[in-house]
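In: Give me a model of this one.
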Amino acid sequence: MKWFSLLLTCLLGVVLFGGISGCKKDTQTATGEGGKKLTLKAPADTSVKQGDTTSITVDITRDKFNDPVDLKFTGLPEGVSVMENDMTISKDAHSAKFTLKAANDAKLVDNHLVTITANGGGMKPEATFKLTVKKGSTEAAGSAKKFMLKAPTDMSIKQGETAPITVDITRDKFNDPVDVKFSGLPDGVKVVETDTTIAKDASTAKFNLKADPDAKLVDDQKVTVTTMGGGLTQEGTFRLSVKKKS
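Out: Residues are numbered from 1 along each chain as shown. Take a look at the predicted model:
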């Protein structure tokens, strides 16, 4: 009876949600020298509307190695892209969240097969998921709701130290959670928090930037802050300098 219950659950998911989420994630394992193993679990099957975004999570499991793992997406439908520039799972992490963005004229597809390749420790497992692109709303996405981003002020950080950073938004008929992404950070500088979301009841969020002891020294490097929620996207920039620790 277990197989019947599982089949019924999957069928109900297809009927109720139009096949938005798959019942089973594709999982593949590659082996390397010395008994090393890298297991890649693809996201569940998902969908996105033209002009909208959707979040996906990629999971990995390491065995007998602890190297960073680089990810690569191939076969995305025309007009769909990954918003993040850095697609690396750090050596201390086991998952990463990414945002897929569909252009307003993205090609409409059903259950389009997308491949994810993980590269780490000399191993390259591949796993797949299905992505459906649906027609966007005929009304302007921001006609009834909107939010505005106030980018952080220019700042500096010393090698080996941590500095707080604040991201503010102003809401107008809009109460969705807002994901925050930082791109263009100097080499050796990263965001400490794994969850970079402004909660649905908040208009501000504080994060911490950490510079490695050997972080690259830069003056006024432009960093882009991208905020996404409810199908809306706002971008802003600020300047970040990395100073030598005295």
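
In: Please make it C-alpha for all contacts and neighbour counts, starting now.
Out: OK.

In: how is the chain carved up into domains?
Out: Domain assignment for the chain by automatic domain parsing gives 25-134, 146-243.

In: mind putting these in a markdown table, mean neighbour count and mean pLDDT included?
Out: Listed next are the domains of the chain as a markdown table, based on neighbours: other CA atoms under 10 Å; pLDDT from 0 to 100:
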| stretch | mean neighbour count | mean pLDDT |
| --- | --- | --- |
| domain 25-134 | 18 | 92 |
| domain 146-243 | 17 | 92 |
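
In: what separates the most centrally placed residue in the chain from residue 228, distance-wise?
Out: Among the residues of the chain, residue 98 comes closest to the average C-alpha position under CA atoms, centre = their mean, at 1.7 Å. Distance of residue 98 to residue 228, computed by CA to CA, to the nearest Å: 12 Å.

In: so what's the residue nearest to the centre of the chain up against?
Out: For residue 98, the contact set (CA atoms under 8 Å, 6 or more residues apart in numbering) comprises 55-58, 82-84.

In: and the closest residue to residue 110 other than its chain neighbours, what is it in contact with?
Out: Distance criterion CA to CA, 6 or more residues apart in numbering; nearest residue to residue 110, sequence neighbours excluded, is residue 132 at 4.5 Å. Taking CA under 8 Å, 6+ apart as the criterion, residue 132 is in contact with 20, 46-48, 108-112.

In: could you redo the last one with a cut-off of 6 Å?
Out: Shown in contact with residue 132 (CA atoms under 6 Å, 6 or more residues apart in numbering): 47, 109-111.

In: Thank you kindly, that will do.
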